[in-house]
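[1] Give me the fold of what follows.
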Amino acid sequence: MGISGDMFLGAMIDLGVKETEIIREIRKLPIDPKEIDVKVARASRHSISAVTFKVRIQESTHHRTFKDIKKMITGSKLGKEVKATSIAIFKAIAVGEGKVHNISPEKVHFHEVGAIDSIIDIVGAAVAFHIIAPRRVVSTPVPLGTGWSNTMHGRLPVPTPATLEILRGVPVAASSAPFELTTPTGAAILKTITDDYSAMPAMTIESVGYGAGKKDFKGAANVLRLVTGFSALPPKDGDASGADSPKGSPKIENLWMLETNVDDMTAEVAGYLMERLFDAGALDAYYTPVQMKKSRPGLLISVLSTEELRAGLTEILFTESTTIGLRATPVERAALERKSIKVSSGYGRVSVKVSTLNGKMVSIEPEYEECRAIAKSKGVALKEVMAGASAAARRSLNKR
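    Residues are numbered from 1 along each chain as shown. Here you go, the predicted model:
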């Protein structure tokens, strides 16, 4: 029956997120804690038990720009991910409102959404989302409702212009309910966190939560339902977590391979490009000699990336290389379980990476830079330092 900020938070709490955790994080905002009064309760909607999340606060101004709100969030002690998600939700609203009023998103003046209670709803939603930390979010098409809504701009038809702009590209569902079922805040939350829109996917259900809307309709239960579970479906593109694997087996990671061919790039530029790619977080990057059209020698540039870093690495490839196009291919990588231990090599203490498969050690790799520094300072061969570190690591592990 649609979505609003308070319905989302109520459903999250019903799923199992502790309201105390949400409130603790909300208090990291630059707001007087005495002014925040959050009330969580249970309500019934058509005999379905659901959770309500209500914020009671008194403030003199309800008008803030997107810039003001970003400053409030970025200047807080909230976690990095929560800040990013909160700002992304507000940005979705700012872009929608800006389109409606023909102004820059930065200059959009929030009214209802600019009020502290709405800020708390959005930041609280981001907090709850990262506590659950779902690997993938799927939503059914979004019902909007009909009728009219009273706003700071007067009576507007449902769905309101801002809600429609926010939901551009999102499938919506017909609904005859004479109320606003999806608010701009709810629409922005949904659009920010959702990966796909479809019927419920195949899954093993873990928990179900219901968040109650303010109104109690006669025709249907005015609730938002959230369901968590484990799915056999592939993770979203670039998700580094992969599907659940038996303990000790290789971790399956879903990544992106970015590739392009060039035949007009100098060696100096190629070297600098590789530095930029690794500095930006590329998991791997390398060149392969290839023969291109007209028998020209060229380079195949290959970059392994997570979904989160894909856009940034793509930008570096376009700005730092001579390419004018690239290919992005989803790839699956199996990675062994790894840990780092410190051992005494006989020449000094060295960090050693130990890789295991099904609980058995399969690889020992001393840290090169540490071994190199010891070899130079002690005047011994690098291979001796590395061999000593490997042997020490095996002895240490065999004693455990």
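[2] Centre of the chain to stretch 212-219, how far?
    Relative to its parent chain, stretch 212-219 has a centroid offset of 32 Å by CA atoms, centre = their mean, to the nearest Å.
[3] List the buried residues in it.
    When neighbours are counted by 16 or more other CB atoms under 10 Å, the buried residues of stretch 212-219 are found to be 212-213, 217. To be clear about C-beta, it is placed using only N, CA and C from the backbone, and glycine gets the same treatment.
[4] what distance separates the start and the end of it?
    By CA to CA, to the nearest Å, the extent of stretch 212-219 from end to end equals 15 Å.
[5] same check, this time on stretch 344-352
    For stretch 344-352, the separation between the terminal residues is 10 Å (CA to CA).
[6] picking that back up, quick check, nearest of the buried residues of stretch 212-219 to Arg276?
    Of all the buried residues of stretch 212-219, Gly213 has the smallest distance to Arg276: 49.2 Å, by CB to CB.
[7] now the closest one: how far from Asp121?
    When CB to CB, to the nearest Å is the yardstick, Gly213 and Asp121 sit 13 Å from each other.
[8] hmm, back to that, show me the buried residues of stretch 212-219 that map onto helices.
    The members of these all map outside helices under DSSP state H.
[9] before we move on, the earlier item: shared neighbours of Gly213 and Asp121, which are they?
    Shared between the contact lists of Gly213 and Asp121 (criterion: CB atoms under 8 Å, 6 or more residues apart in numbering) are residues 4, 6.
[10] ok, Ser344 - contacts?
    When contacts are counted by CB under 8 Å, 6+ apart, Ser344 is found next to 350, 392.
[11] Who is it paired with across the strands?
    Using DSSP bridges, the beta-bridge partners of Ser344 come out as Arg349.
[12] Name the nearest of the buried residues of stretch 212-219 relative to Leu226.
    Distances from Leu226 to the buried residues of stretch 212-219, taken as CB to CB, are shortest for Ala212 (12.6 Å).
[13] in terms of contact, does that closest one touch Ile13 like I think?
    No - counting by CB atoms under 8 Å, Ala212 does not reach Ile13; the two are 11.0 Å apart.
[14] who touches both of those two?
    Where contact means CB under 8 Å, 6+ apart, the residues bridging Ala212 and Ile13 through contact with each are Val51.
[15] May I ask you to name the longest strand in this protein?
    The longest strand of the chain (DSSP state E) is strand 251-262.
[16] With just CA atoms, put that one into PDB.
    Taking Å, rounded to 0.1, in the frame of the first residue of the first chain, the C-alpha atoms of strand 251-262 are listed here in PDB:
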ATOM      1  CA  LYS A 251      34.800 -16.900  -1.500                       C
ATOM      2  CA  ILE A 252      32.900 -16.300  -4.700                       C
ATOM      3  CA  GLU A 253      33.000 -12.600  -5.800                       C
ATOM      4  CA  ASN A 254      31.000 -11.000  -8.600                       C
ATOM      5  CA  LEU A 255      33.100  -8.300 -10.200                       C
ATOM      6  CA  TRP A 256      33.500  -6.400 -13.400                       C
ATOM      7  CA  MET A 257      36.300  -6.600 -16.000                       C
ATOM      8  CA  LEU A 258      36.800  -3.300 -17.800                       C
ATOM      9  CA  GLU A 259      38.700  -3.600 -21.000                       C
ATOM     10  CA  THR A 260      39.800  -1.500 -24.000                       C
ATOM     11  CA  ASN A 261      42.300  -1.700 -26.900                       C
ATOM     12  CA  VAL A 262      44.600   1.200 -27.700                       C
END
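[17] And it, what's buried?
    Buried residues in strand 251-262, defined by neighbour count with 16+ other CB under 10 Å: 252-262.
[18] could those go into JSON lines alongside pLDDT?
    Formatted as JSON lines, the buried residues of strand 251-262 follow (pLDDT from 0 to 100):
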{"residue": "Ile252", "pLDDT": "80"}
{"residue": "Glu253", "pLDDT": "81"}
{"residue": "Asn254", "pLDDT": "86"}
{"residue": "Leu255", "pLDDT": "90"}
{"residue": "Trp256", "pLDDT": "92"}
{"residue": "Met257", "pLDDT": "94"}
{"residue": "Leu258", "pLDDT": "96"}
{"residue": "Glu259", "pLDDT": "96"}
{"residue": "Thr260", "pLDDT": "95"}
{"residue": "Asn261", "pLDDT": "95"}
{"residue": "Val262", "pLDDT": "95"}
